[in-house]
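Trainee: got a structure for you, letters missing:
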């Protein structure tokens, strides 16, 4: 009996030892995989393909994997993203996890008239893919540069809109639109405070669609407060691109004084919506609804001046009269004497 009890005790001890070793092995294995760099989990090219995917269930974890490799890895992949929209998605994922600082915010670069009396910042680089900002944004620099009083700076990172240095500029010129990508955190609130505090705002073409809530596809009424009118996804967007006549309806305002009606080839926007009072400077008649729609208007947002025009789809649409509107509109928003 004593021998049987001893053998039974040894079996229990052996079984306990096996269980302890198995538990230790599991812990070591788990710890190894948890501590293994995330970079080892994915082939770099496969990871890059996942980041360029349109499915958030695919690109979001891929962005986080890349983030664990560090700032340099994130920055290196940016030039290979298929479009600006994808870069916006990367930033949105990083912002959700409070690690967007891994990609430093681009610093504005002075493009013309350094030391000019008033400072204008063109914010561009993130747009609906059908709008070639790579062509229109440099053209806008040239348009504004004709007035030596305007120091024109340029940035392609919309996160600047959420930064305190936005106050360093007299006019924010938006050639930006968050196409199916959340706007940078804090951007709209900061922009509102800057403009209502006395700075100027110029909205170019589809900038009327900046800060749209693309998940709900609803008019952003908060943005419309400073834009005067904003793109409403529930309304018909615009006439087919083609020729139409722009009529100057306010011949006394400094922006349009002395200007004549003109023909253009562009998209005639029919979807601008909002309730704040605006002063319409120019109109055009839609072939879709046979109604007049504003092609240029101004309004006051707090202490700030806002000039807004939906004209300027492409370089052809940036004809001489449209260039003149934007140059004069920027002068007015900057509280300068407008050229006649």
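Mentor: Good, I have the coordinates. Please read these numbers as outputs of a predicted model, since none were measured by experiment.

Trainee: which residues in the stretch 1-150 of the chain form helices?
Mentor: Counting by DSSP state H, counting those that start in this stretch, the stretch 1-150 of the chain has helices at residues 2-35, 44-51, 56-68, 71-77, 84-96, 133-145.

Trainee: so who does the residue lying closest to residue 94 once chain neighbours are set aside touch?
Mentor: Sequence neighbours aside, residue 100 is the residue nearest to residue 94 in space, at 4.0 Å (criterion: C-beta to C-beta, 6 or more residues apart in numbering). (Each C-beta comes from the backbone N, C-alpha and C, glycine too.) Contacts for residue 100 (C-beta atoms under 8 Å, 6 or more residues apart in numbering) come out as 91, 94, 159.

Trainee: any idea how far residue 100 lies from residue 165?
Mentor: Using C-beta to C-beta, to the nearest Å, residue 100 is found at 17 Å from residue 165.

Trainee: same deal with residue 117?
Mentor: 19 Å.

Trainee: same question for residue 54.
Mentor: On the measure of C-beta to C-beta, residue 54 and residue 165 end up 33 Å apart.

Trainee: where does the prediction get shaky in this protein?
Mentor: Scanning the chain with the threshold set as pLDDT under 70 gives 1-41, 214.

Trainee: now the residue positioned nearest the centre of the chain: which helix or strand?
Mentor: Compute the mean C-alpha point of the chain, and by C-alpha atoms, centre = their mean the closest residue is residue 178, 4.3 Å away. Per DSSP states H and E: residue 178 is located in neither a helix nor a strand.

Trainee: thought it was touching residue 213?
Mentor: No: using C-beta atoms under 8 Å, residue 178 is not in contact with residue 213; the gap is 9.6 Å.

Trainee: ignoring the adjacent residues along the chain, who's closest to residue 272?
Mentor: What sits nearest to residue 272 in space, not counting adjacent residues and going by C-beta to C-beta, 6+ apart, is residue 229, at 3.8 Å.

Trainee: now swap in residue 261 and tell me
Mentor: residue 247 (4.9 Å).

Trainee: secondary structure class of the one you found, three-state.
Mentor: Put simply, residue 247 is strand when judged by DSSP: H, G, I helix; E, B strand; the rest coil.

Trainee: so what sits opposite it in the bridge?
Mentor: With DSSP bridges as the criterion, residue 247 is bridged to residue 283.

Trainee: quick one: residue 330 from residue 275, how far?
Mentor: Counting by C-beta to C-beta, the gap from residue 330 to residue 275 is 26 Å.

Trainee: compare those two and say which one has the larger neighbour count.
Mentor: Each of residue 330 and residue 275 has its neighbours counted (other C-beta atoms under 10 Å); residue 330 has more, 29 against 10.

Trainee: quick one, helices of the stretch 151-300 of the chain?
Mentor: Counting by DSSP H, counting those that start in this stretch, the helices of the stretch 151-300 of the chain are 187-196, 221-227.

Trainee: who wins for proximity to residue 280 among the ones you listed?
Mentor: Smallest distance to residue 280 across the helices of the stretch 151-300 of the chain (C-beta to C-beta): 14.2 Å, for helix 221-227.

Trainee: what's that closest one packed up against?
Mentor: helix 187-196, strand 200-204, strand 230-231, strand 304-309 (3 or more C-beta pairs under 8 Å, 6 or more residues apart in numbering; DSSP states H and E).

Trainee: how about TSV for these, with mean neighbour count added?
Mentor: As requested, these are exported to TSV (neighbours: other C-beta atoms under 10 Å):
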stretch	mean neighbour count
helix 187-196	19
strand 200-204	27
strand 230-231	25
strand 304-309	24
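
Trainee: in TSV, list those along with distance to residue 143.
Mentor: Below are the helices and strands packed on helix 221-227 laid out as TSV (distance: least, C-beta to C-beta, whole Å):
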stretch	distance to residue 143
helix 187-196	21
strand 200-204	10
strand 230-231	23
strand 304-309	12
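
Trainee: select, out of the ones you listed, the one closest to residue 139.
Mentor: Short answer: strand 200-204, nearest of these by C-beta to C-beta, at 10.5 Å.

Trainee: hang on, isn't residue 255 packed against residue 338?
Mentor: Yes: counting by C-beta under 8 Å, residue 338 is a contact partner of residue 255 at 6.1 Å.

Trainee: which residues do the two both contact?
Mentor: In contact with both residue 255 and residue 338: 328, 332, using C-beta under 8 Å, 6+ apart.
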